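> I need the structure of the sequence given here:
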Amino acid sequence: MAHRSSRQTAFLGIALILITADAAVLTPFPETAPATTKDMDHIGIRAALARDARYATWPTASTTGIPYRLDPGYTTAESGIITQALTQIQTDMNQCIRFVLYNNATHSGQDNIYFGRTFNNGVTPGTCFSFPGRNVAQAGRGQKLAMFSGVDGCLSSVKEAMGFIVKVLGLRNELQRPDRATAVQVFLQNIKPTLRNLNILQQYTANQVDFSNTAFDFNSITIPAPEKYAISGLVLYTSAVSGRPVGGTLPRLSLGDCQGIALLYPTVCVSTACVDPYVNGGVTAVPPVTAATFGPGVPVPLDPGTASGVQPIDITP
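Next up is the predicted model:
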């Protein structure tokens, strides 16, 4: 049996046990990944099993940055929202997490994120989706992070876009916590009929996520607007705590969001450096965002730096 290094043991302990964040639901990444992985099976977009070796953190998150590609079909406004969301996440994480535009010369063969509007077959998904961390099966191909505009999309604002991008780092949906009943009342029957097979509000099981020793994060960036995905005139959830609204109002990571991500990347991020943008009742000034913080890059649609033109991994319908 292989022996764990002290660093591996320390990481596992932090990721699975010693959660001290104000509130966060995390992907409990395994220590190591298998050398090979079976073809991606059809999994629930919102309830993918996370306690397995298919997902891991991003090793270049704080060094050279996580390479990302933008589908050329995005409008200027759409790509602007995505890049602003990436910059804001970097800012809120005190630059311990970084994203960099894919450059064919320097990022060939590196795992990367491919932002696209559709599945590889051209079909638009019912909602935006992301894998819950780095998909280790991509082997440099890239992995799809589907983001698109529209009523059921996630590009109406920087805040909405941030809520999906953080999932690729390992942060999970706060509304799907196993213990959510103490904080919110959820109305599954109010989900649009066309979206009911997507597990939008399906609760995680206790062994799918790490949420121990944390309270429900009412301001988590992962919480959508109550009317999102709901039948017209209805809402998906209401607060179960008198006088406590659910869902933040700022395009910012909550204190719990920041601390949770920091705990997933403990060798480079410090949770004590996280700030609470809602400490003054939600009126904290938002740090300026600018795409200038991104290094130069060359988007290479459907080509992760090789002549193969292999498409990024996605979840096919």
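> where do the strands sit along the stretch 1-150 of the chain?
Secondary structure of the stretch 1-150 of the chain (DSSP state E, counting those that start in this stretch): strands located at 55-56, 66-70, 99-101, 113-116, 134-135, 143-146.
> would you turn the ones you listed into JSON lines with mean pLDDT and mean neighbour count?
Yep, even glycine has a C-beta here, placed from its N, CA and C like the rest. Putting the strands of the stretch 1-150 of the chain into JSON lines (pLDDT from 0 to 100; neighbours: other Cβ atoms under 10 Å) gives the following:
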{"stretch": "strand 55-56", "mean pLDDT": "90", "mean neighbour count": "21"}
{"stretch": "strand 66-70", "mean pLDDT": "97", "mean neighbour count": "24"}
{"stretch": "strand 99-101", "mean pLDDT": "97", "mean neighbour count": "22"}
{"stretch": "strand 113-116", "mean pLDDT": "97", "mean neighbour count": "26"}
{"stretch": "strand 134-135", "mean pLDDT": "94", "mean neighbour count": "26"}
{"stretch": "strand 143-146", "mean pLDDT": "96", "mean neighbour count": "24"}
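> same list, the ones you listed, but as TSV with distance to Arg180 please.
Shown next, in TSV, are the strands of the stretch 1-150 of the chain (distance: least, Cβ to Cβ, whole Å):
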stretch	distance to Arg180
strand 55-56	22
strand 66-70	29
strand 99-101	30
strand 113-116	28
strand 134-135	26
strand 143-146	25
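> and of those strands, who's closest to Cys128?
strand 143-146 (5.5 Å; Cβ to Cβ).
> contact partners of the helix or strand just after the closest one?
Following strand 143-146 in sequence order, the next helix or strand is helix 158-165 (DSSP states H and E). Here helix 158-165 makes contact (Cβ atoms under 8 Å, 6 or more residues apart in numbering) with 81-82, 84-86, 88-89, 128-130, 145, 147, 154-155, 221-224, 248, 250-253, 289.
> which outside residues touch the helix or strand following helix 158-165?
Per DSSP H and E, the first helix or strand lying C-terminal to helix 158-165 is strand 184-186. Here strand 184-186 makes contact (Cβ under 8 Å, 6+ apart) with Leu175, Arg180, Leu201, Phe216, Leu236, Tyr237, Thr238, Ser239, Ala240, Val246.
> for the closest residue to Thr194 other than its chain neighbours, what are its contacts?
By the measure of Cβ to Cβ, 6 or more residues apart in numbering, the closest residue to Thr194 outside its immediate chain neighbours is Gly126, 6.6 Å from it. By Cβ under 8 Å, 6+ apart, Gly126 lies in contact with Ile45, Asp152, Thr194, Leu195, Leu198.
> cool, and Val166?
Ile89, Ile221, Thr222, Leu253, Asp257, Ile261.
> circling back to that earlier point, who wins for most neighbours among the contacts of Gly126?
Neighbour count (other Cβ atoms under 10 Å) singles out Ile45 as the most crowded of the contacts of Gly126, with 22 neighbours.
> so where's the protein uncertain?
Residues of the chain that meet the criterion pLDDT under 70 lie in 1-23, 29-52, 211-213, 281-310, 315-317.
> could you redo the last one with a cut-off of 50?
Applying pLDDT under 50 to the chain flags residues 1-20, 31-50, 283-308, 316-317.
> for it, just list every one of the helices.
Remark: helices assigned in the chain by DSSP state H are 6-16, 76-92, 158-165, 255-264.
> most tightly packed of these?
Stretch with highest mean neighbour count among these: helix 255-264 (a mean of 26; mean count of other Cβ atoms under 10 Å).
> from the chain's centroid, how far away is that helix?
Mean C-alpha position of helix 255-264 versus that of the full chain (Cα atoms, centre = their mean, to the nearest Å) differs by 12 Å.
> sounds good, over and out.
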